[in-house]
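1. My questions are about this predicted structure, shown below with the sequence.
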2 protein chains.
Amino acid sequence: MCDKNIPFSVKWDNLERIGQEIKNALEYYKSNDEEMKLIVIHGGGSFGHPVAKKYMKDGKLVNMEEGFWNIQRSMRRLNNIVLDCFNSYNIPSVSIQPSSFISFERDGLHFDTYVIEKLLERNLIPVIHGDVVVDNSNDEGDFKIFSGDNALPYLSKKFKPTLGLHATDVDGVYDLNGKIIDKIDKTNISKIEKILKPSNKEDITGGMYLKVMEVYKLGVRSIIFNGNKRGNIYKGLLGKVSGTVIN
Amino acid sequence: MCDKNIPFSVKWDNLERIGQEIKNALEYYKSNDEEMKLIVIHGGGSFGHPVAKKYMKDGKLVNMEEGFWNIQRSMRRLNNIVLDCFNSYNIPSVSIQPSSFISFERDGLHFDTYVIEKLLERNLIPVIHGDVVVDNSNDEGDFKIFSGDNALPYLSKKFKPTLGLHATDVDGVYDLNGKIIDKIDKTNISKIEKILKPSNKEDITGGMYLKVMEVYKLGVRSIIFNGNKRGNIYKGLLGKVSGTVIN
């Protein structure tokens, strides 16, 4: 929903479409007397990164007096935009602000998900975002960027969802011939690992290696798909979007 | 900092003064090679109340699709205003959003203060605000307003501060003759209790009874003072503002 090359830019048409498609999926399940329990995770996009870059160096705030709040505020701005959009489609959503209660520790994330669980029980949709958080994971840094890629595995392990959806700007995971790999499971994971290893083909796989391996290890059925294509978010929420299925 | 009679109003001059005085107090301690560890708590003011009133009834959201986010957003707006002001005075502050991780439970608050502690260690100033949070304290309600009066006792018990400051719009606790009571401690608490009991003199004490009793029970040296008077926030942070000292 952002153009990462332009600071503080929002692709409004994309965002509107995402809101509309989530709403449609909620309506779909409702009309079938089913419930969709959903957690939405978005990164810092074009809001978080430029500000984080300005104020953070080697895990420390360059200017503490204004650094923390300026990063936090820019993340809040994007989160406000997302929530306002969802609200305009009557999606019952709640903002979850990581910097208030999440930290990195030596043994992993400190992340109390109790309230998120209770919000889900009440059929609200927690929307969690990229943020700057306390870093206790080593002796060097004070703060660290908490990204969607941190939130997703943690929440997946806690809540064991039936489906994990990864909206990207490509159609899925490509093989060496530029074809989308339909599914990745124990039958082909070692072959896929060889294909994607950054040392081999960095240009083609574009950071997909880590994502695939992490998702695979989660043990949650997941789809990596193109979130930019009309209808794909809706189809994804119904579990039938084209992309790479990881099982 | 708000005029509670006018929705979404800010007393900008008061807010600016508060920012300036906190900054001055930080500078005072710094020039004495001391550290002031500070947590700031503000309520919903004229932002939270009108929206909460619109969307909450008997602990339930009247319109869930828009209720939670609209209350949350209005609280965030006020909190943004406070943080932006603090930031303009180079006060190193951080927003803490209760709705993300705090709930009411049968045995009290569910409130993980670990990150707040770590922020304080890094000399940042957590700014916590009134908010709408999950309510699990009974079988009736789903949500409840979390106010400054909930945050203060909880944080006091956890962090055992050397001083608790209660900025109000009166000069302290009045006795029946309209005179400020200088101090309240074990030598006069039973006398004070009799004077303040709402059944006796509701008009004079104006809700002060509960505040005084709660503060007394905390066991933290506290001052109830007039936050509207120029210089009082600064003096308060130095521990020498006029008002009622509760010990």
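-> It's in. Residues are numbered from 1 along each chain as shown, chains lettered A, B, ... in the order given.

2. Helices along chain A, start to end?
-> A:12-31, A:45-55, A:64-88, A:114-121, A:148-159, A:189-196, A:198-205, A:208-218, A:232-237 (DSSP state H).

3. looking at those helices, which has the lowest confidence?
-> Lowest mean pLDDT of the helices of chain A: helix A:198-205, a mean of 50.

4. tally of neighbours for residue A:160?
-> 10 (other C-beta atoms under 10 Å in any protein chain shown). To be clear about C-beta, it is placed using only N, CA and C from the backbone, and glycine gets the same treatment.

5. re the thing from before, can I get the helices of chain A in JSON lines with mean neighbour count?
-> Shown next, in JSON lines, are the helices of chain A (neighbours: other C-beta atoms under 10 Å in any protein chain shown):
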{"stretch": "helix A:12-31", "mean neighbour count": "16"}
{"stretch": "helix A:45-55", "mean neighbour count": "20"}
{"stretch": "helix A:64-88", "mean neighbour count": "21"}
{"stretch": "helix A:114-121", "mean neighbour count": "19"}
{"stretch": "helix A:148-159", "mean neighbour count": "17"}
{"stretch": "helix A:189-196", "mean neighbour count": "16"}
{"stretch": "helix A:198-205", "mean neighbour count": "12"}
{"stretch": "helix A:208-218", "mean neighbour count": "18"}
{"stretch": "helix A:232-237", "mean neighbour count": "21"}
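
6. got these as a markdown table, with distance to residue A:38 columns?
-> Below are those laid out as a markdown table (distance: least, C-beta to C-beta, whole Å):
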| stretch | distance to residue A:38 |
| --- | --- |
| helix A:12-31 | 7 |
| helix A:45-55 | 20 |
| helix A:64-88 | 11 |
| helix A:114-121 | 8 |
| helix A:148-159 | 11 |
| helix A:189-196 | 28 |
| helix A:198-205 | 29 |
| helix A:208-218 | 17 |
| helix A:232-237 | 7 |
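
7. who wins for proximity to residue A:6 among those?
-> helix A:45-55 (6.0 Å; C-beta to C-beta).

8. what's in contact with that closest one?
-> By C-beta atoms under 8 Å, 6 or more residues apart in numbering or on different chains, the residues outside helix A:45-55 that reach it are A:1-10, A:44, A:61-63, A:66-68, A:70-71, A:74-75, A:77-78, A:130-132, A:145.

9. switch to 6 Å and redo it
-> A:2-4, A:6-9, A:61-62, A:67, A:70-71, A:74-75, A:77-78, A:130, A:145 (C-beta atoms under 6 Å, 6 or more residues apart in numbering or on different chains).

10. go on, stretch A:30-39?
-> Outside stretch A:30-39, the residues that reach it (C-beta under 6 Å, 6+ apart) are A:26, A:29, A:120, A:125-126, A:155.

11. Of all the helices of chain A, which one comes closest to residue B:96?
-> Once those are compared by C-beta to C-beta, helix A:64-88 is nearest, at 10.1 Å.

12. State the separation between the closest one and the centre of the chain it belongs to.
-> 16 Å (C-alpha atoms, centre = their mean, to the nearest Å).

13. likewise stretch A:15-22?
-> 16 Å.

14. Can you narrow the contacts of stretch A:30-39 down to the ones near chain B?
-> Restricting the contacts of stretch A:30-39 to those touching chain B (C-beta under 6 Å from any C-beta of the partner chain) yields no residues.

15. quick one: which of the residues you listed is nearest to chain B?
-> residue A:126 (8.5 Å; C-beta to the nearest C-beta).

16. Now do the contacts for the closest one.
-> A:39, A:94, A:96, A:116, A:119.

17. at 8 Å what do you get?
-> Contacts of residue A:126 (C-beta under 8 Å, 6+ apart): A:39-40, A:93-94, A:96, A:116, A:119-120.

18. cool, residue A:216 as well?
-> Taking C-beta under 8 Å, 6+ apart, one finds A:184, A:189, A:246 in contact with residue A:216.

19. Roughly how far does it sit from chain B?
-> Shown here: residue A:216 relative to chain B, a distance of 30 Å by C-beta to the nearest C-beta, to the nearest Å.

20. burial measure for the nearest residue to residue A:188 once chain neighbours are set aside, as a count.
-> Of all residues not flanking residue A:188 in the chain, residue A:181 sits nearest, at 8.0 Å (C-beta to C-beta, 6 or more residues apart in numbering or on different chains). Neighbour count for residue A:181, taken as other C-beta under 10 Å: 20.

21. Pretty sure residue A:181 sits against residue A:170.
-> No. Using C-beta atoms under 8 Å, residue A:181 makes no contact with residue A:170, being 11.7 Å away.

22. mind checking how far the residue of chain A most remote from its centre is from residue B:94?
-> For chain A, the largest distance from the centre (C-alpha atoms, centre = their mean) belongs to residue A:65, which lies 29.3 Å off. Residue A:65 is 12 Å from residue B:94, where distance means C-beta to C-beta, to the nearest Å.

23. Thank you, goodbye.
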